[in-house]
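# sequence and predicted structure below; questions after.
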Amino acid sequence: MKKLIILLLASSSLSFADTKEEIAQIRKQYNKIESAKDLEITKILTKEDAAPNLGIITRFTNSAGILVKQTIEWGGDHGGVSRTAYFLNGEIFFIYSSMSSWQFDPSSDPDSPSTIETLREERHYFSNDTCIRALEKEASSKDYKEALKQLKAQSNKEMNDMESAEAHLKEAYTMLKIQDHKELEEYMAL
């Protein structure tokens, strides 16, 4: 029994060490892409009359023409989302999401309503299309600048919601298929 417990502990330590090393490699690859100066940029935009579902897909390819980064941005009446997927050898290894929304403050005077701004960030680390780590942080305030200040001051927290990781991964791969504004508008109308 003692041998089994020691074996299980050693196995979980190796798994944690492997994950830690994978995340270090992901960060290294992320920094390499973010610091690249020679990326070619291609954009697909919805037409202005597609409101309120306005959107942009921005793709970044390296000097060999290989996709290394794709950003999806869209907004509506009460907020917006920016989600960036990073690629290595055709696979996503990291997704960064930034979301903002606002709602009327239920405690405000109906004759002079105020709003509450909510900002959220998520970071998903992937290995072989499996999320190995997910982080989040969120802040709300009646003032956008204050919410932003609060968000920047916060530390990331571990996320247990792997459904959002899977949804973001699926979305990023689906967006790769979109080639023009009509296809983007059809997708966003869903």
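Structure received.

# for residue 22, what are phi and psi?
The phi/psi pair for residue 22 (degrees, to the nearest 10) reads phi -60, psi -40.

# burial of it, as a residue count?
Using other C-beta atoms under 10 Å, residue 22 is surrounded by 17 other residues. Heads up, the C-betas are built off the backbone N, CA and C, glycines and all.

# residue 64 now?
Residue 64 has 6 neighbours, counted by other C-beta under 10 Å.

# make sure it is indeed in a helix.
No: with DSSP: H, G, I helix; E, B strand; the rest coil as the criterion, residue 64 is assigned coil and is not in a helix.

# for residue 89, see how far away it is.
12 Å (C-beta to C-beta, to the nearest Å).

# overlap in contacts of those two?
Residues touching both residue 64 and residue 89 by C-beta atoms under 8 Å, 6 or more residues apart in numbering: none at all.

# give me the sheet partners of the helix or strand hosting residue 117 and which way each runs.
Using DSSP states H and E, residue 117 maps to strand 115-127. Next to strand 115-127 in the sheet, as set by DSSP bridges, lie strand 91-104 (antiparallel), strand 130-141 (antiparallel).

# for those, give me CSV that also has distance to residue 56, mean neighbour count and mean pLDDT.
As requested, the strands paired with strand 115-127 are arranged in CSV below (distance: least, C-beta to C-beta, whole Å; neighbours: other C-beta atoms under 10 Å; pLDDT from 0 to 100):
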stretch, distance to residue 56, mean neighbour count, mean pLDDT
strand 91-104, 14, 17, 92
strand 130-141, 24, 17, 93
